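# just need the structure, nothing else, for what follows:
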Amino acid sequence: MKKILLVEDDKFLSNILKLKLEKSGFEVVDAFDGEEALKKLRAFRPDLMLLDIILPKKGGFELLTEMKGDEALSGVPVIIISNLGQEEDIVKGKSLGAIDYFVKSRSSIDELVEKIKEICKTSLAS
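Numbering: from 1, shown residues only. Next comes the predicted model:
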């Protein structure tokens with residue numbers, strides 16, 4: 001079973017996404033701020049992380065930067081899910097190692113879950 005770390009401070013969105021992913025056969029652990037995400041990353045060792053950018057305590061870009069500099073965490077694939085939809089945000093996220101970038105207002109939860117399933121089948125096949 002693929003493990004996903006869901007880092008999203010919007011509890012409503014987090015709960016919906018978590019339920020949909022669990023129904024699709026994923027094990028999901030959630031974190032609601034960047035510091036909690038970093039702790040859970042180290043303890044949980046997810047196959048994939050879904051990361052919001054605007055988070056309490058430590059933002060998503062900051063978290064990505066820390067992950068990039070940490071050998072144990074740099075290999076975790078990250079999909080950004082954010083309300084930040086400017087081109088420079090998307091470019092920044094990908095330059096920091098994100099494999100994909102979803103703008104919440106432009107994507108449905110079902111589209112996101114389908115994309116996650118696709119990514120887990122192809123790039124994370126074990």
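
# can we go C-alpha only for contacts and neighbour counts from here?
OK.

# next, the buried residues of stretch 16-24.
For stretch 16-24, burial by neighbour count (16 or more other Cα atoms under 10 Å) applies to 17, 18, 21.

# which of those fall within helices?
17, 18, 21 (DSSP state H).

# find the nearest non-adjacent residue to the last one, please.
If the residues on either side of it in the chain are set aside, residue 21 comes closest to residue 113, at 6.5 Å by Cα to Cα, 6 or more residues apart in numbering.

# helices or strands next to the helix or strand the one you found falls within in the packing?
Using DSSP states H and E, residue 113 sits in helix 109-122. Here helix 109-122 touches helix 11-23, going by 3 or more Cα pairs under 8 Å, 6 or more residues apart in numbering; DSSP states H and E.

# which residues are contacting the host helix or strand of residue 91?
For residue 91, the element it lies in under DSSP H and E is helix 87-95. By Cα atoms under 8 Å, 6 or more residues apart in numbering, the surrounding residues in contact with helix 87-95 are 61, 64, 80, 84, 100, 101.

# and which of those is nearest residue 3?
Residue 3 lies nearest to residue 80 out of the contacts of helix 87-95, by Cα to Cα, at 16.2 Å.

# can you classify the closest one by secondary structure?
strand (DSSP: H, G, I helix; E, B strand; the rest coil).

# let me know whether it touches residue 96 as I believe.
No. Between residue 80 and residue 96 there is no contact under Cα atoms under 8 Å: 10.8 Å.

# ok, residue 81 - how many residues close by?
For residue 81, the count of nearby residues is 24 (other Cα atoms under 10 Å).

# same check on residue 13?
By other Cα under 10 Å, the residues close to residue 13 number 12.

# circling back: now distance to residue 56 and pLDDT too, for the buried residues of stretch 16-24, in JSON lines please.
JSON lines is the format used below for these (distance: Cα to Cα, whole Å; pLDDT from 0 to 100):
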{"residue": "17", "distance to residue 56": "19", "pLDDT": "94"}
{"residue": "18", "distance to residue 56": "20", "pLDDT": "96"}
{"residue": "21", "distance to residue 56": "24", "pLDDT": "96"}
